[in-house]
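Chemist: Requesting a structural model of the entry that follows:
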Amino acid sequence: MKHEIVISDITVIGGGLAGVCAAIAAARLGQTVSLVQNRPVLGGNASSEIRVWVCGATSHGVHRNARETGIMGELFIENQYRNIDGNPYIWDLVVLEKVKAEPNITLFLNTDVHEVDASGDETNRSIEAVTGWMMGSERRIRFESRVFLDCTGDGLVGFLAGAKFRIGREAQSEFQEEWAPLVPDDITLGSTLLFYTKDAGRPVKYIPPSFAKDITQTSIPMKRVIRSGDNGCAYWWIEWGGEHDTVHDNERIRDELSSVIYGIWDYIKNSGKFDSANLTLEWIGSIPGKREYRRFVGDYVLNQNDVIAQELFEDRVAFGGWSIDLHPPQGMYATEKGSKHMHMDGSYHIPFRSLYSTNVSNMLMAGRNISASHVAFGTTRVMATCAVIGEAAGTGAALCAAKGVSPRELYQQHLQELQQTLLRQDASILGVANRDEGDLVRSAALSASSTLTQLALEQSAGVCPLRAAVGLLLPVDPRLDGLELLLDAEADTELTVELWQTGKPQNYVPQALVASVTVPVGVGEQQWVKLGLQWEPEQAQNAFLVLRSNPVLSVHLSDRPRTGVLCFKHDVSSEDTVDFGDMHHTQPVIDWSAKDFLRKPICFRLLSPTAAYAAEKAADGYKRPYGGPHLWSSAGRGVLAEEWLEASWSAPQAIRTVHITFNDDVNEDLINLHHHRTEFEVMPELVRDYSVQVRVLDAWVTVAEGNQNHTRHHVHVLDETVRADRLRVVVTATNGCSHAEIVELRCYS
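Modeler: Next comes the predicted model:
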């Protein structure tokens with residue numbers, strides 16, 4: 001046996017997406033990190049060993065402009081570029097390479113941490129070291145650090161350190177949560193095994209093993225959706241163990257799940273009810289994907305009411321958007337549906353106080369073990385949300401290590417620095433503006449070669465009958481002075497259009513009626529109909545226009561998507577969600593679906609200019625859509641010509657580092673594996689070729705450039721500091737969009 005001691009600034013235990021993002025975030029801020037994972041691959045439930053797709057704030061496209069940025073966003077975009085068909089092994093490589101690219105990370109795979117040295121009393125403890133056994137190598141490794149992150153999911157490190165935790169469901173009275181039980185209990189969400197199938201091209205027989213479950217003797221065929229062409233996460237409902245201990249009974253749970261999978265496949269292959277002769281069982285998981293176990297107690301316990309109200313925490317450091325998604329304790333054997341869902345109106349905020357232990361002074365946590373009630377955990381548990389929580393916790397850990405403070409002291413004394421650091425790194429944080437005193441662009445005047453001021457989509461590529469109400473969301477900046485719609489009418493009729501506010505800036509549903517107008521429409525095709533709607537809000541924000549249903553009218557569709565413009569169809573039937581689970585009543589984001597209008601908005605034109613895409617928007621402090629698109633867009637005059645965005649100062653500035661954030665359309669719902677296929681490898685809105693230029697002695701000098709770009713956030717460290725009074729980003733090509741779009745420009749000395 002070999003004994004080793006590894007000393008680093010930070011130790012991250014757990015190599016799921018939360019731990020990966022935490023380690024990368026801390027390493028990028030200059031801290032040395034030991035990333036310890038007890039499996040041979042990274043990714044946790046998302047890895048090729050378990051193969052759960054990475055869900056997040058988009059909620060499979062329910063929420064708009066909600067895809068994660070930061071490190072999780074980088075993973076999504078890179079996987080789309082390299083792995084458009086969702087091969088789970090290529091996804092493993094994308095995650096692994098992202099970790100290996102950081103020289104400050106030392107990776108320890110196959111290393112199971114099961115010993116913790118901690119000191120202090122139960123109210124104030126501190127971790128001194130953790131020890132793991134590297135399987136297959138006979139190495140016993142002790143990890144010593146100033147700060148530790150428990151990203152294990154099950155929370156073993158914090159448990160052994162004496163951190164306060166909870167298992168199970170709180171009573172309704174504790175947080176006044178509608179979906180909590182009246183009496184607390186130890187019930188959790190269960191675990192799941194998945195399987196893959198393939199068409200062999202010829203008949204394949206299947207003889208089930210002796211331990212396969214006869215599912216015809218259970219409620220499964222009657223209460224769950226079984227289809228021969230489905231596989232993978234389509235069978236998320238193969239879940240069990242919620243009434244057991246999902247850790248200590250892990251082996252029993254795995255055996256039960258595998259027996260059911262073999263039984264389901266027997267039912268598909270041999271019952272005669274399915275077209276499955278040529279199908280074969282290609283892969284079945286051997287490691288249960290756990291949903292829930294310990295949840296640590298932090299200085300704040302996030303609860304259902306915070307999530308639904310989208311509480312605007314002062315210490316918000318991440319966001320989520322997946323529904324509160326809870327499952328019956330009996331899992332696949334339950335007679336009710338496999339899940340129930342409560343959606344908020346838009347993305348909600350996650351506070352930093354929920355990411356560190358209330359009684360272990362140098363421990364943060366990220367992933368499904370954060371400080372949240374069981375009900376709130378029903379949304380924070382999904383992996384893309386765990387990942388952005390990981391980036392926030394890793395950033396906090398890096399600042400704690402650098403400053404020699406505890407996470408609580410960081411919250412109390414350095415909160416603004418934490419949030420500003422996250423923004424600088426392009427992390428997923430909403431409604432916090434750039435206040436970085438070192439950013440020179442904040443004091444610059446911005447201008448551009450051209451700017452999109454006439455917001456219109458005039459060329460028809462099809463029609464959509466107004467059998468149901470249609471929504472059109474667009475930015476109002478600074479005012480709306482009427483608009484026109486391109487319509488067909490089968491007979492003389494009327495069109496009623498309502499103008500609604502959306503409420504919170506991150507929401508995309510009608511919340512408060514502002515005005516309404518009804519106009520006559522004569523019979524005819526492709527006619528522009530004027531609507532005299534006017535609105536000048538106190539601050540720039542989105543307007544949600546509701547076109548009331550009229551079966552004799554049709555709206556025209558464009559095939560040219562426009563950043564900041566979204567369309568929806570009102571559908572309260574929720575037929576698409578019947579197989580997915582029960583939906584809570586009154587959920588506007590479900591009623592207003594955008595799936596019929598993805599990259600196909602309706603044709604319209606505003607009758608007054610807009611300032612929503614002005615050059616100064618690239619330095620207005622916001623890095624995501626938030627009550628408007630918050631980016632600069634060129635005018636888009638036909639084929640993209642050379643366009644530029646410029647920052648200028650009254651006196652030369654010392655410039656060494658330039659940060660550019662391009663638009664990667666966070667409205668597009670990406671997935672890492674196989675839920676759906678997005679047809680383009682690179683977001684069309686992303687700038688492809690560009691250069692960074694500075695003006696020195698009245699001459700423009702190129703100091704950095706990028707070609708064949710397919711990513712969002714770029715930091716250019718110049719070879720030497722230059723003194724210049726003007727800085728330009730010159731765009732010569734995009735990946736398909738006719739507009740050059742830049743979300744944010746920064747520079748530092």
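Chemist: And the next helix or strand past the lowest-mean-pLDDT helix or strand in the chain?
Modeler: Taking mean pLDDT, DSSP states H and E as the measure, the helix or strand of the chain with the lowest value is strand 582-583, at a mean of 80. Going down the chain from strand 582-583, the next helix or strand is helix 588-591, by DSSP states H and E.
Chemist: What is the subsequent helix or strand relative to that following helix?
Modeler: strand 592-593.
Chemist: how much distance is there from that following strand to the middle of the chain?
Modeler: Counting by Cα atoms, centre = their mean, to the nearest Å, strand 592-593 is centred 19 Å from the centre of its parent chain.
Chemist: Within its sheet, name the partner strands of that strand and how each one runs.
Modeler: Sheet pairing for strand 592-593, assigned by DSSP bridges, gives strand 566-570 (antiparallel).
Chemist: could you dump the partner strand to PDB, C-alpha only?
Modeler: Output of strand 566-570 as PDB, limited to C-alpha atoms (Å, rounded to 0.1, in the frame of the first residue of the first chain):
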ATOM      1  CA  LEU A 566     -40.300  35.400 -29.400                       C
ATOM      2  CA  CYS A 567     -43.600  33.900 -30.300                       C
ATOM      3  CA  PHE A 568     -46.000  31.600 -28.500                       C
ATOM      4  CA  LYS A 569     -49.300  29.700 -29.000                       C
ATOM      5  CA  HIS A 570     -51.800  29.500 -26.200                       C
END
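Chemist: mean confidence for that strand?
Modeler: Averaged across strand 566-570, the pLDDT comes to 97.
Chemist: do the same with stretch 632-647
Modeler: 87.
Chemist: Identify the residues contacting that stretch?
Modeler: Stretch 632-647 is contacted by residues 440-441, 444-453, 563, 613-619, 726-734, 737-742, 745, 747 when judged by Cβ atoms under 8 Å, 6 or more residues apart in numbering. (C-beta placed from N, C-alpha, C; glycine too.)
Chemist: where's it relative to the chain centroid, distance-wise?
Modeler: For stretch 632-647, the distance to the chain centre is 29 Å (Cα atoms, centre = their mean).
Chemist: repeat for stretch 34-50
Modeler: Worked out by Cα atoms, centre = their mean, stretch 34-50 lies 20 Å from the chain centre.
Chemist: before we move on, the earlier item: which among the contacts of stretch 632-647 count as buried?
Modeler: The neighbour count (16 or more other Cβ atoms under 10 Å) marks 440-441, 444, 446-452, 563, 613-615, 617-619, 726-732, 734, 737, 739-742, 745, 747 as buried among these.
Chemist: Can you pick out the ones from these that are in helices?
Modeler: Among the buried ones among the contacts of stretch 632-647, DSSP state H puts none in helices.
Chemist: need the helices for the chain, in chain order.
Modeler: Counting by DSSP H, the helices of the chain are 17-28, 70-82, 88-100, 156-161, 172-175, 220-223, 250-270, 304-309, 374-380, 383-403, 407-424, 588-591.
Chemist: so of those helices, which one's packed in deepest?
Modeler: Highest mean neighbour count of those: helix 17-28, a mean of 31 (counted as mean count of other Cβ atoms under 10 Å).
Chemist: What residues sit buried inside stretch 309-318?
Modeler: Per 16+ other Cβ under 10 Å, stretch 309-318 contains these buried residues: Gln310, Phe313, Asp315, Arg316, Val317, Ala318.
Chemist: And for the fourth one, nearest residue in space, chain neighbours not counted?
Modeler: Closest residue to Arg316 in three dimensions, ignoring its sequence neighbours and counting by Cβ to Cβ, 6 or more residues apart in numbering: His349, at 3.8 Å.
Chemist: ditto for Val204
Modeler: Using Cβ to Cβ, 6+ apart, the closest residue to Val204 is Thr280 (4.3 Å).
Chemist: Quick check: the one you found vs Pro203, distance?
Modeler: 10 Å (Cβ to Cβ, to the nearest Å).
Chemist: Please apply the same query to Leu457.
Modeler: From Leu457 across to Pro203, the span is 51 Å (Cβ to Cβ).
Chemist: now swap in Ala366 and tell me
Modeler: 48 Å.
Chemist: quick one, which of those two is more surrounded?
Modeler: Ala366 (33 against 10; other Cβ atoms under 10 Å).
Chemist: which ones are touching the more buried one?
Modeler: Contacts of Ala366 by Cβ under 8 Å, 6+ apart are 18-19, 21-22, 149-151, 355, 386, 389-390, 392-394.
Chemist: so what pLDDT did the residue nearest to Gly16 when sequence neighbours are not counted get?
Modeler: Excluding its sequence neighbours, the residue lying closest to Gly16 (Cβ to Cβ, 6+ apart) is Gly44, at 2.5 Å. Note for Gly44: predicted pLDDT of 98.
Chemist: and Gly44, how many neighbours?
Modeler: 30.
Chemist: Please apply the same query to His585.
Modeler: Using other Cβ under 10 Å: His585 sits among 5 other residues.
Chemist: ok, it to Val546 distance?
Modeler: His585 is 20 Å from Val546, by Cβ to Cβ.
Chemist: about what we covered before: just the ones in strands from the contacts of stretch 632-647, please.
Modeler: The strands, defined by DSSP state E, take in 445-448, 726-734, 741-742, 745, 747 from the contacts of stretch 632-647.
Chemist: per the record, what domains does this structure have?
Modeler: 2-168+295-332+340-424, 191-284, 440-450+613-748, 456-606 (automatic domain parsing).
Chemist: Tell me which of those domains sits most buried.
Modeler: In terms of average neighbour count - mean count of other Cβ under 10 Å - the standout among these is domain 2-168+295-332+340-424, at a mean of 23.
Chemist: so Val694 touches Val729, yeah?
Modeler: No. The criterion here is Cβ atoms under 8 Å, and Val694 misses it with Val729 at 10.8 Å.
Chemist: quick one: His327 and Glu239 touch, right?
Modeler: Yes. Under the criterion of Cβ under 8 Å, His327 makes contact with Glu239 at 6.1 Å.
Chemist: between the two, what contacts are shared?
Modeler: Between them, His327 and Glu239 share the contacting residues Leu189, Gly190, Arg291, Gly338, judged by Cβ under 8 Å, 6+ apart.
Chemist: Contacts only, for the second one.
Modeler: Taking Cβ under 8 Å, 6+ apart as the criterion, Gly190 is in contact with Glu239, Trp240, Gly241, Gly242, Thr246, Ile253, Arg291, His327, Pro329, Gly331.
Chemist: I am finished for the moment; much appreciated.
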